[in-house]
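Undergrad: Let me see the structure of the following:
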Amino acid sequence: MKAKKISKKAKRLLAVFLTAVILCGTYALGVNFYVILSQKKSIITLQEVEEMQNVDYVLVLGCGVREDGSPSNMLFQRLKTGAETFKSLKASKDAKLLLSGDNSGESYNELAAMKKVSLENGIYEDEMTIDNIGFSTYESLYNAKNIYGAKKIIVITQPYHMFRALYIAKSLGMEAFGVTAYLPFYPKQIIWSLREVVARNKDFLLCAFD
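TA: Residues are numbered from 1 along each chain as shown. Presented below is the predicted three-dimensional model:
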């Protein structure tokens, strides 16, 4: 009889655990799809950029650099797209290119690479603003609003990352649009996409309770 009681208790605990896992998973996926679907219409083309007025910044979000300090392929493509987007702003003459990334030490400096590539892509130094404390997506967007006074921005990043960035920007009270930067192939795309599901949930809660 004692063995049967333990067995029943174990089954109940397992049932509770599985129910909790299912509920948490359903919630996480619900948040994930909500963030994606709510921001799809804010992704625009370079042709649409030409007509946009009162844009304060084209914000390029930083990401990895190599050991020699050169930008990763992903970051290079963001910077290339950022320069193209900035040059397409025909109706927002006072806009600037805002480069935001991690400059946490002598051995790691995203901003040096970002500035160098932007100069090489035809952006003048006085057209750039450098945010070297953009240690996360949320911090980059928070800084754009609260340090640099942005009210209307165009965000530059890859498609998988764009939805979260736009969601954060709007939650902080900015008018935000996105121009996506592409690469033909991302070797670690599956890993990044899975991590992004977690990140969307994290920043969804951060925006909700900020």
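
Undergrad: contacting residues around the residue positioned nearest the centre of the chain?
TA: Nearest residue to the geometric centre of the chain (C-alpha atoms, centre = their mean): residue 165, 3.8 Å. Going by C-beta atoms under 8 Å, 6 or more residues apart in numbering, residue 165 touches 61, 137, 141, 155, 157, 176, 178. No exception for glycine: its C-beta is placed from N, CA and C like everyone else's.

Undergrad: how much space between it and residue 193?
TA: Separation of residue 165 from residue 193 (C-beta to C-beta, to the nearest Å): 15 Å.

Undergrad: Phi and psi next, for residue 130.
TA: phi -110, psi 120 (degrees, to the nearest 10).

Undergrad: count of residues packed around it?
TA: Residues within reach of residue 130, counting by other C-beta atoms under 10 Å, total 17.

Undergrad: So it is in contact with residue 109, correct?
TA: No - counting by C-beta atoms under 8 Å, residue 130 stays clear of residue 109, with 11.1 Å between them.

Undergrad: and the helix or strand of the chain with the lowest mean pLDDT, which residues are buried?
TA: Ranked by mean pLDDT, DSSP states H and E, the helix or strand of the chain with the weakest confidence is helix 2-39, at a mean of 76. Residues 31-32, 35-36, 39 are the ones in helix 2-39 that count as buried (16 or more other C-beta atoms under 10 Å).

Undergrad: now for these, which pair is the farthest apart?
TA: 31 and 39 (12.8 Å; C-beta to C-beta).

Undergrad: returning to what we had before: can I get the contacts of residue 165 in TSV including distance to residue 100?
TA: Below are the contacts of residue 165 laid out as TSV (distance: C-beta to C-beta, whole Å):
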residue	distance to residue 100
61	6
137	9
141	8
155	10
157	11
176	14
178	15
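
Undergrad: Tell me the backbone dihedrals of the residue nearest to residue 104 when sequence neighbours are not counted, please.
TA: Closest residue to residue 104 apart from its sequence neighbours, by C-beta to C-beta, 6 or more residues apart in numbering: residue 135 at 7.0 Å. Here is the backbone geometry of residue 135 (degrees, to the nearest 10): phi -80, psi -10.

Undergrad: Now do residue 135 against residue 105, distance only.
TA: Residue 135 is 12 Å from residue 105, by C-beta to C-beta.

Undergrad: got it, and residue 165?
TA: 25 Å.

Undergrad: what does residue 25 give?
TA: Taken as C-beta to C-beta, the span from residue 25 to residue 105 is 38 Å.

Undergrad: distance between stretch 161-174 and the chain's centre?
TA: In this view, stretch 161-174 has its centroid 8 Å away from the chain centroid, taken as C-alpha atoms, centre = their mean, to the nearest Å.

Undergrad: Okay then, goodbye and thanks.
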